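Participant: Let's see this in three dimensions:
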Amino acid sequence: MTDAIAASLSALIPKGYLRAAVNLANIALVQLDPDTGAFEGVSPQLAKEFAERLGCRVEFVAYPSAASILDRVDQDEWDIAFLAADPAREDRLLFSPAYALIEATLVVRKATPYRSLQDIDAEGVEICVTRNAAYGLYLSRRLAHAKIVHSSTPGETLEMFAEGKHHAAAGVRQALEHFASMRKGFRVLVEPFLVIRQAIAVSCSYPAAALLVREFVEEALREGFSENVIRDAQSNGVALAKK
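Facilitator: Below you'll find the predicted structure:
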């Protein structure tokens, strides 16, 4: 092992094992088995394969939202984080190339006429959004007329929408479709307003660690994802990125 590689490994896994932060609210990419406590899905599978490549074990650090992961960037709680790449986060994080693409859309009440974000972006309209979510950051830049009402987690956002007089709630398609399937009177817009690029991030403080992460994702994109990653993506309606 060269000194450069050893230094990169030391920067990436200072504890000697890989600590991977996952967002439990992103059910398209992360699922927690309530019976076994095992983490499943595309992101955990990639973390396991990355740890295997590094020759160490992986421990998952679960958070209720992307914002809570971002809040702990410099608190030495995780080494890599599975997050959406967004320009507003680049002051704190270094991102790998995207490994997956997921859709952000809106859930509305069935009786409303809304069919697209353009329909909803009107004066007097309120959209419930999770604070610091990638789709929320996008909407804050995109909306010209509608008002954003923030909540702390995706679950709280949907509850606020269901119990209040707001006009829509934004989120990842899989989570919104699950919500609509469990409640009467709601529907999810077919048209996404954003395709979210999911990446692996490290703190800007560790550029050497970011190089190892980038190499891992680039190799997966170049050579193809493992059968396990492909299986998890297909079962959760996730589009894997391509080179």
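Participant: biggest helix in the chain by residues?
Facilitator: helix 207-223 (DSSP state H).
Participant: Give me the helices and strands touching that one, please.
Facilitator: Helices and strands touching helix 207-223, by 3 or more Cβ pairs under 8 Å, 6 or more residues apart in numbering; DSSP states H and E, are helix 3-12, helix 42-54, strand 93-95, strand 194-203. From N, CA and C alone the C-beta is placed, and that goes for glycine too.
Participant: neighbours of residue 222, just the number please.
Facilitator: When neighbours are defined as other Cβ atoms under 10 Å, residue 222 has 9 of them.
Participant: ok, now residue 47?
Facilitator: 25.
Participant: list the contacts for the closest residue to it other than its chain neighbours?
Facilitator: In space, residue 47 comes closest to residue 20 once its chain neighbours are excluded; the distance is 4.0 Å by Cβ to Cβ, 6 or more residues apart in numbering. Shown in contact with residue 20 (Cβ atoms under 8 Å, 6 or more residues apart in numbering): 43-44, 47, 51, 58-61, 78-82.
Participant: tell me the secondary structure for residue 20?
Facilitator: strand (DSSP: H, G, I helix; E, B strand; the rest coil).
Participant: related to what we said a few turns ago, would you reformat the contacts of residue 20 as JSON lines and include distance to residue 196 and pLDDT?
Facilitator: Shown next, in JSON lines, are those (distance: Cβ to Cβ, whole Å; pLDDT from 0 to 100):
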{"residue": "43", "distance to residue 196": "13", "pLDDT": "98"}
{"residue": "44", "distance to residue 196": "18", "pLDDT": "98"}
{"residue": "47", "distance to residue 196": "19", "pLDDT": "98"}
{"residue": "51", "distance to residue 196": "25", "pLDDT": "97"}
{"residue": "58", "distance to residue 196": "24", "pLDDT": "98"}
{"residue": "59", "distance to residue 196": "26", "pLDDT": "98"}
{"residue": "60", "distance to residue 196": "21", "pLDDT": "98"}
{"residue": "61", "distance to residue 196": "21", "pLDDT": "98"}
{"residue": "78", "distance to residue 196": "20", "pLDDT": "97"}
{"residue": "79", "distance to residue 196": "23", "pLDDT": "97"}
{"residue": "80", "distance to residue 196": "18", "pLDDT": "98"}
{"residue": "81", "distance to residue 196": "15", "pLDDT": "98"}
{"residue": "82", "distance to residue 196": "12", "pLDDT": "98"}
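Participant: From these, list just the buried residues.
Facilitator: 43-44, 47, 51, 58, 60, 78-82 (16 or more other Cβ atoms under 10 Å).
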